[in-house]
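Participant: Okay, sequence plus prediction incoming.
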2 protein chains.
Amino acid sequence: MQLFYRENFAEVKQLDDTDSKHCIKVLRKNVGDEIWVTDGKGGMYHCRIEDANPKRTGLYILSEEQGFQKAKRRIHLAIAPTKNLDRITYLVEKATEIGISEISFILTSNSERKVVKTDRIERVAISAMKQSLKAYLPKVNEMISINQFLEENTASQRFVCHLSDLSKPLTEHKIESDVCLLVGPEGDFDPSELEMAAKAGFEQVSLGDSRLRTETAGLVGVTLLNLL
Amino acid sequence: MQLFYRENFAEVKQLDDTDSKHCIKVLRKNVGDEIWVTDGKGGMYHCRIEDANPKRTGLYILSEEQGFQKAKRRIHLAIAPTKNLDRITYLVEKATEIGISEISFILTSNSERKVVKTDRIERVAISAMKQSLKAYLPKVNEMISINQFLEENTASQRFVCHLSDLSKPLTEHKIESDVCLLVGPEGDFDPSELEMAAKAGFEQVSLGDSRLRTETAGLVGVTLLNLL
């Protein structure tokens, strides 16, 4: 099964330029062929090709389902991106496959990377969503400072990954339906940042005994939050 | 903290050529400096440099610990490698960080990749072990056929990842101390392979509702087996 993506599909009932080309030119689909489209907001549409236009393929909706395989909880991963962008790209791909609602890039005092091009990250998320046949596209946020993030985050359950005597293993928590996990940079958080996080209601958690790289911590956290 | 690796370190008490060069030339360590070495078999050695030789750094063992952070269970991941080798390399790195005892590459009838150079994979595992300050190097096995693997595997608890009505979520199992997880190729197992696996005592498990790529399934499986 091949899944296509178009924002606001229910209104436009067309594929965009890239997906049209892929559908008509590469996959050689034609009028009458059936394909699947998601709007990335939970809508999954079973369609028939009405206009095999390689720039704006026109579709007829045969059936649709809203809230397609809706996750049991809202998971927001906030992470200080690694110096090597490939590692973050890979994390976004895997997190999208496993299931995540939102990803934020956080600037901390020990961050080696101060810029992330979210359009590239979003393309990776779209591709992973199609690949794993999901109907929800994670929201990808522009990088903001940890201060601003801590002030603005409204998740009902908030965790910050940190190995210390204060940290309780994430696996021992009862996970709620709206959770945010904050993961620090390669050089770890600054003590003042951890203090700020505590004031903002972020509880320190550990992800087992291993010293994990930043992106591995993100992956392990997302896996546990999904499946616990 | 910088960790070095040398097989049979207790006997040789030297770093190998590559690590010696890194230690003496790159990190500019000298006689009297202290470093850490693991033998990859659970031995963690706190050492002092006695001979700052950039080809075979000689060390004096100040203290040692055997069974350093020994995992609570033995996890053997058996996986049909993906066409794109980078994906498998990444999986090995992450699985080593998270914690794994052994990895086997499995040739199945739907496998697109029929060869894996285990020396490259082993280098990745060594590097990940050092990075995550672990004292156990996963055993990396040469590729064998699924038939041979199923005949020879002796883990006390055996799972095969497959989405079907027979599959119980992995999270609902009580995980034992010696477990093997088998993950299929991008084109999935052949029905006869699943039948063979069942005969060999492999129970079908699911890793949640998502359709995961092969290497993502391996990662999610290793995370859950470690932390459940």
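Facilitator: Received it, and whenever you're ready, just let me know what you need.

Participant: check which helix or strand covers A:Leu150.
Facilitator: helix A:146-152 (DSSP states H and E).

Participant: After that helix, which helix or strand is next? Please name it.
Facilitator: Counting by DSSP H and E, what follows helix A:146-152 is strand A:157-161.

Participant: Could you export that next one as CSV, CA atoms only?
Facilitator: Below are the C-alpha coordinates for strand A:157-161, written out as CSV (Å, rounded to 0.1, in the frame of the first residue of the first chain):
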residue,chain,number,x,y,z
GLN,A,157,3.0,15.6,32.7
ARG,A,158,6.6,16.8,32.2
PHE,A,159,9.9,14.9,32.5
VAL,A,160,13.5,15.9,32.0
CYS,A,161,16.1,13.2,31.3
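
Participant: what does stretch A:219-228 contact?
Facilitator: A:71, A:73, A:75, A:77, A:91, A:94-95, A:98-100, A:159, A:161, A:170-171, A:173, A:175, A:179, A:181, A:183, A:207-208, A:212, B:94, B:98, B:169, B:171, B:207-208, B:219-220, B:223-224, B:227 (C-beta atoms under 8 Å, 6 or more residues apart in numbering or on different chains). The way it works is simple: take the backbone N, C-alpha and C, and place the C-beta from them, glycine included.

Participant: List the ones among the residues you listed that fall in strands.
Facilitator: Using DSSP state E, the members of the contacts of stretch A:219-228 that fall in strands are A:Ile75, A:Leu77, A:Phe159, A:Cys161, A:Val179, A:Leu181, A:Val183, B:Pro169.

Participant: For the last one, give the beta-bridge partners.
Facilitator: What that stands for is B:Pro169. In this structure, B:Pro169 bridges to B:Ser206 when assessed by DSSP bridges.

Participant: Over to the fifth one?
Facilitator: Counting by DSSP bridges, A:Val179 forms beta bridges with A:Ile75, A:Gln157.

Participant: From B:Met1, how far out is the residue nearest the centre of chain A?
Facilitator: Compute the mean C-alpha point of chain A, and by C-alpha atoms, centre = their mean the closest residue is A:Pro138, 3.7 Å away. The gap separating A:Pro138 from B:Met1 is 35 Å, by C-beta to C-beta, to the nearest Å.

Participant: wait, doesn't A:Asn8 sit right on A:Asp39?
Facilitator: Yes. Taking contacts as C-beta atoms under 8 Å, A:Asn8 lies within contact range of A:Asp39: 6.4 Å.

Participant: hang on, the earlier thing: using the neighbour-count criterion, name the buried positions in the helix holding A:Leu150.
Facilitator: Buried residues in helix A:146-152, counted by 16 or more other C-beta atoms under 10 Å in any protein chain shown: A:Ile146, A:Phe149, A:Leu150.

Participant: so what secondary structure elements neighbour it?
Facilitator: Using 3 or more C-beta pairs under 8 Å, 6 or more residues apart in numbering or on different chains; DSSP states H and E, the elements in contact with helix A:146-152 are strand A:102-107, helix A:191-199.

Participant: rerun at 6 Å
Facilitator: If contacts are counted by 3 or more C-beta pairs under 6 Å, 6 or more residues apart in numbering or on different chains; DSSP states H and E, helix A:146-152 sits against helix A:191-199.

Participant: Just the CA trace of the helix it packs on, in CSV.
Facilitator: This file holds the C-alpha atoms of helix A:191-199, laid out as CSV (Å, rounded to 0.1, in the frame of the first residue of the first chain):
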residue,chain,number,x,y,z
PRO,A,191,22.8,23.1,36.7
SER,A,192,20.8,26.3,36.5
GLU,A,193,18.8,24.8,33.6
LEU,A,194,17.9,21.8,35.7
GLU,A,195,16.8,24.1,38.5
MET,A,196,14.7,26.1,36.1
ALA,A,197,13.2,22.8,34.7
ALA,A,198,12.3,21.7,38.3
LYS,A,199,10.6,25.0,38.9
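
Participant: Please point out which parts of that helix sit buried.
Facilitator: Across helix A:191-199, burial judged by 16+ other C-beta under 10 Å covers A:Glu193, A:Leu194, A:Met196, A:Ala197.

Participant: got the residue ranges for the helices in chain A?
Facilitator: Counting by DSSP state H, one finds helices in chain A at the ranges A:9-12, A:17-21, A:85-98, A:118-131, A:146-152, A:191-199, A:214-227.

Participant: on that earlier part again, out of the buried residues of helix A:191-199, who's nearest A:Ile35?
Facilitator: A:Ala197 (45.1 Å; C-beta to C-beta).

Participant: how near is that closest one to A:Ser177?
Facilitator: Separation of A:Ala197 from A:Ser177 (C-beta to C-beta): 21 Å.

Participant: For the closest residue to A:Asp33 other than its chain neighbours, give me the pLDDT.
Facilitator: Nearest residue to A:Asp33 in three dimensions, chain neighbours excluded: A:Ile49, at 5.0 Å (C-beta to C-beta, 6 or more residues apart in numbering or on different chains). On pLDDT, A:Ile49 comes in at 97.

Participant: Pull the number of nearby residues for A:Ile49.
Facilitator: 20 (other C-beta atoms under 10 Å in any protein chain shown).

Participant: Next to chain B, which bits of chain A? Give me the list.
Facilitator: Proximity of chain A to chain B (C-beta under 6 Å from any C-beta of the partner chain) is limited to residues A:94, A:97, A:99, A:132-133, A:171, A:208-212, A:216, A:220, A:223, A:227.

Participant: now those residues: which count as buried?
Facilitator: A:94, A:97, A:99, A:132-133, A:171, A:208, A:210, A:212, A:216, A:220, A:223, A:227.

Participant: Distance to A:Leu27 added to the residues you listed, as TSV?
Facilitator: Converted to TSV, those look like this (distance: C-beta to C-beta, whole Å):
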residue	distance to A:Leu27
A:Lys94	26
A:Glu97	22
A:Gly99	27
A:Ser132	19
A:Leu133	16
A:Thr171	43
A:Gly208	43
A:Ser210	43
A:Leu212	39
A:Thr216	36
A:Val220	36
A:Thr223	32
A:Leu227	34
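
Participant: with those residues in mind, which one is nearest to B:Asp119?
Facilitator: A:Thr216 (23.4 Å).

Participant: For the closest one, list the residues it contacts.
Facilitator: The contact partners of A:Thr216, taken as C-beta atoms under 6 Å, 6 or more residues apart in numbering or on different chains, are B:Lys94, B:Glu97.

Participant: domains of chain A?
Facilitator: Domain segmentation of chain A under automatic domain parsing yields A:3-65, A:74-227.
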